[in-house]
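> sequence and predicted structure below; questions after.
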Amino acid sequence: MSVNVEALINCLGKTYQEIFDKGLIPYKSKPTGFSGDDVICLDMVKEGIFLAFYRDKSIFKEMTLRLLNEKNSQYRFPNELPTPLLSDMTRQWMHSQLGEPEKSLPPRKRLNKDVGWTELYTLLDFHIPLSMQVSYDLQERVKSVTFLPTSEVRW
């Protein structure tokens with residue numbers, strides 16, 4: 001089942017029930033989390049989308065789109081992306097389309113794993129101030145894109 005990514009982005013800040021009632025979440029299971037966590041999650045693996053909600057009132061906090069699957073080279077993101085994003089992008093392409101990022105972190109080791117660049121962009125023309133965090137693999141291909149309210153960015 002295809003998920004309307006742009007409509008989900010526009011739902012950041014709304015409740016889980018509001019989003020579900022609009023038919024934007026194809027799963028009947030509700031977000032879950034460990035006892036005591038402030039955040040509950042719904043991982044829509046087949047759709048390549050990870051949703052996070054505040055446990056208190058189930059407010060939609062963040063959405064991550066998995067564009068690459070390092071374990072499966074045949075994987076393709078199955079949903080339409082908002083303009084100008086594509087399912088296959090590079091760091092150079094992102095810079096040509098969106099300009100230089102506001103903030104960036106170079107490739108580094110995280111625990112025992114090498115990770116690529118991470119960049120932060122501010123998005124305009126949304127109902128709330130939004131940011132987009134882009135994570136790259138070591139070949140500078142976009143691995144994941146996270147949308148979250150700018151007020152929630154911790155850099």
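Okay, I see it. Numbers count the residues shown, from 1 in each chain.

> what's the local residue count around R141?
Counted with other C-beta atoms under 10 Å, residues neighbouring R141 total 15. Every C-beta, even on glycine, is put in place using the N, C-alpha and C of the backbone.

> report the beta-bridge partners for it.
T90 (DSSP bridges).

> count the residues that sit near I59.
15.

> thought it was touching Q17?
No. Contact between I59 and Q17 fails when scored by C-beta atoms under 8 Å: they sit 10.6 Å apart.

> what's around N4, how many residues?
Counted with other C-beta under 10 Å, N4 comes out at 15.

> ok, what's across the strand from the most centrally placed residue in the chain?
Centroid-nearest residue in the chain: T64, 2.0 Å away (criterion: C-alpha atoms, centre = their mean). Beta bridges link T64 to F50, T146 when assigned by DSSP bridges.

> got a pLDDT number for it?
If you check T64, the pLDDT there is 98.

> so who does it touch?
For T64, the contacting residues are I49, F50, A52, S144, V145, T146, F147, by C-beta atoms under 8 Å, 6 or more residues apart in numbering.

> report the two of those residues separated the most.
Largest separation among the contacts of T64 by C-beta to C-beta: A52 and V145, giving 14.1 Å.

> residue ranges with poor pLDDT in this protein?
Counting by pLDDT under 70, the chain shows low-confidence ranges at 1.
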